[in-house]
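[1] the sequence and its predicted three-dimensional model are supplied below.
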Amino acid sequence: MVSYSNYEEYLRHPLFLRSVEVARTRAGGRCENDVGWYNDGPIRCKRAAIDPHHTRYCKWGRFDPPENLLMVCRQCHEKLHTCSECGEIIKGKELEEMLDMDDCRMHRACWLEMKTARD
């Protein structure tokens, strides 16, 4: 049984908020985004974590476990949602179309345009 009817309700639901709290505790209040590597280990941003970022989306009607959430600062969250091709922020329905290829995040349309130009 679905206990939310839209994404905004999902973000305010007590089960989602509990997962966010567990992820926030895990992060120690600091941004978990990897901004580089040093001696085979990640370098974390470490600014204050404000936003939960979904590393993957769960099926509609379900709730994310804390493992699907990365606590990030606002700057890193915007970077994680920025198309690497056109520089626009990817949000709303476009997130469903977003292709995440390693560190190359882009709109599906930008990816298709780039692929067509290469072929």
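    Sure thing, it's come through.
[2] list the residues that contact R24.
    A49, P52, M71 (C-beta atoms under 8 Å, 6 or more residues apart in numbering). Where you see a C-beta, it was placed from the backbone N, CA and C, and this is true even at glycine.
[3] which of these fall within strands?
    Counting by DSSP state E, the part of the contacts of R24 found in strands is P52, M71.
[4] considering the contacts of R24, which is situated nearest to L17?
    P52 (9.5 Å; C-beta to C-beta).
[5] ok, L11 - how many residues close by?
    12 (other C-beta atoms under 10 Å).
[6] and the gap between it and D34?
    24 Å (C-beta to C-beta, to the nearest Å).
[7] so what's the gap between the helix ranked longest in the chain and the chain middle?
    Across the chain, the longest stretch assigned as helix under DSSP state H is helix 14-27. Here the centre of helix 14-27 is set off from its chain's centre by 15 Å, with C-alpha atoms, centre = their mean, to the nearest Å.
[8] in it, what counts as buried?
    Within helix 14-27, the residues that qualify as buried are F16, S19, V20, A23, R24, A27, counting by 16 or more other C-beta atoms under 10 Å.
[9] likewise for stretch 57-64?
    Under 16+ other C-beta under 10 Å, the buried positions of stretch 57-64 are F63, D64.
[10] what distance separates the start and the end of that stretch?
    End-to-end distance of stretch 57-64 (C-alpha to C-alpha, to the nearest Å): 7 Å.
[11] before we move on, back to that, by contact count, what packs against the following helix or strand past the longest helix of the chain?
    Counting by DSSP states H and E, the next helix or strand C-terminal to helix 14-27 is strand 34-38. Using 3 or more C-beta pairs under 8 Å, 6 or more residues apart in numbering; DSSP states H and E, the elements in contact with strand 34-38 are strand 41-44.
[12] distance between stretch 58-69 and the chain's centre?
    With C-alpha atoms, centre = their mean as the basis, stretch 58-69 stands 12 Å off its chain's centre.
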